[in-house]
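Visitor: compute the structure for the input listed below.
(one chain, ligands or ions: 1)
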Amino acid sequence: MRKVVIAGNWKMHKTQAEASAFVQQLMPQLDGVPDDRELVLCAPFTTLDLMANKLKGSRVKVGAQNIHWEKSGAYTGEISGPMLQEIGIRYVVVGHSERRQYFGETDATVNARLKAAQAAGLTPILCVGETKQQRDANETEAVITAQIEGAIADINQYNLVIAYEPIWAIGTGETCAAEEANRVIGLIRAQLSNSEVSIQYGGSVKPANVDEIMAQSEIDGALVGGASLEADSFAQLAGYQQR
Ligand code: 13P
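Guide: Prediction:
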């Protein structure tokens, strides 16, 4: 069974005080959300311990936004799998386009980070997506295929979530048409040996468009930036098609 995963990616937002207030506002709003939906909040490193404590025993899982491929070592500024695992982190975003664009992430480092996440018992959320330029040059399929191929070599596909995030749709308000996201996600699925991997769409997902996105046959969830920063809005996303 393909699992529905609704995940917020807070990026570099929220202090501990803000994260605390968010959790307090969110929890009472999740009452009517069907149990079979996995809810995840991927928070900045400094809030992870607090988030994991506050959400312990609740249905909301906590995710990190990056992970190093070694367990420990001389890697200033990095955080390892065992460090995340120790404090109760269950998911980790790997290969987000912002990390590929600003921090030199490559398919090879993405592959190494995916392996480290799985080795630490975390579920990685692998992000792939094309730029506007690549889409306009009809390179979308080739780019996505190469990113998936490079990332998933020797990866356990039974502990993996993938997010298709067209870069031109991130933070722009310009959502990829639901049918087009569905088509690309179908192509990604065709590349996998496990056809039941949950594949999310990400890029300007909001309460106003989530129903249509989630109605698509290949789309198993959403990875949400901006609209995950307010508790009300994240609760509405979690409760898609129920409100
Ligand atoms: P937005 O939802 O703000 O477009 O961000 C999407 C994203 O990058 C999630 O990882």
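
Visitor: per-residue pLDDT, the residue of the chain found nearest the ligand?
Guide: With CB to the nearest ligand atom as the measure, the residue in the chain that lies nearest the ligand is Gly225; the distance is 2.4 Å. Using the backbone N, CA and C atoms, a C-beta is placed for each residue, glycine as well. The model reports Gly225 with a pLDDT of 98.

Visitor: and the pLDDT at the residue lying closest to it once chain neighbours are set aside?
Guide: If the residues on either side of it in the chain are set aside, Gly225 comes closest to Asn9, at 5.3 Å by CB to CB, 6 or more residues apart in numbering. The predicted local confidence for Asn9 comes out at a pLDDT of 98.

Visitor: circling back to that earlier point, report the contact partners of the residue of the chain closest to the ligand.
Guide: Contact criterion CB atoms under 8 Å, 6 or more residues apart in numbering gives Gly8, Asn9, Trp10, Lys11, Ile170, Gly171, Gly202 as the residues in contact with Gly225.

Visitor: and what of His68?
Guide: When contacts are counted by CB under 8 Å, 6+ apart, His68 touches Tyr75, Glu78, Ile79, Ser80, Gly81, Arg113, Ala116.

Visitor: what is the nearest of those to Tyr164?
Guide: Minimum distance to Tyr164 across these is 18.3 Å, recorded for Arg113 (CB to CB).

Visitor: is that closest one part of a helix or strand, or is it coil?
Guide: Reducing the assignment to helix, strand or coil with DSSP: H, G, I helix; E, B strand; the rest coil, the entry for Arg113 is helix.

Visitor: ok, it touching Ala64?
Guide: No. Contact criterion CB atoms under 8 Å: Arg113 and Ala64 do not qualify, at 10.7 Å.

Visitor: give me the low-pLDDT residue ranges for the chain?
Guide: Counting by pLDDT under 70, the chain has no low-confidence residues at all.

Visitor: count of residues packed around the residue nearest to Gly225?
Guide: Neighbour count for Asn9, taken as other CB atoms under 10 Å: 26.

Visitor: with Gly226 as the reference, measure out to it.
Guide: Using CB to CB, to the nearest Å, we find Asn9 at a distance of 10 Å from Gly226.

Visitor: same thing with Val205?
Guide: Val205 is 9 Å from Gly226, where distance means CB to CB.

Visitor: so for those two, which sits in the more crowded spot?
Guide: Using other CB under 10 Å as the criterion, Val205 and Gly226 rank with Val205 on top: 29 against 18.

Visitor: list the contacts for that one?
Guide: If you count contacts by CB under 8 Å, 6+ apart, Val205 has them with Thr175, Ile213, Ala222, Leu223, Val224, Ala227, Leu237.

Visitor: that one: what secondary structure?
Guide: coil.

Visitor: which parts of the protein sit against the ligand?
Guide: 9, 96, 165, 170-171, 202-205, 223-227 (CB under 6 Å from any ligand atom).

Visitor: among the residues you listed, name the buried ones.
Guide: In these, burial by neighbour count holds for 9, 96, 165, 170, 202-205, 223-227, counting by 16 or more other CB atoms under 10 Å.

Visitor: quick one: which of the residues you listed sit in strands?
Guide: Among those, the ones falling in strands (DSSP state E) are Asn9, Gly202, Leu223, Val224.

Visitor: give the contact list for the closest residue to the third one other than its chain neighbours.
Guide: With CB to CB, 6+ apart as the measure, Gly202 is the residue that lies nearest to Leu223, at 3.5 Å, once sequence neighbours are left out. With CB under 8 Å, 6+ apart as the criterion, the residues that contact Gly202 are Asn9, Cys127, Gly129, Ala163, Tyr164, Glu165, Ala169, Ile170, Ala222, Leu223, Val224, Gly225.
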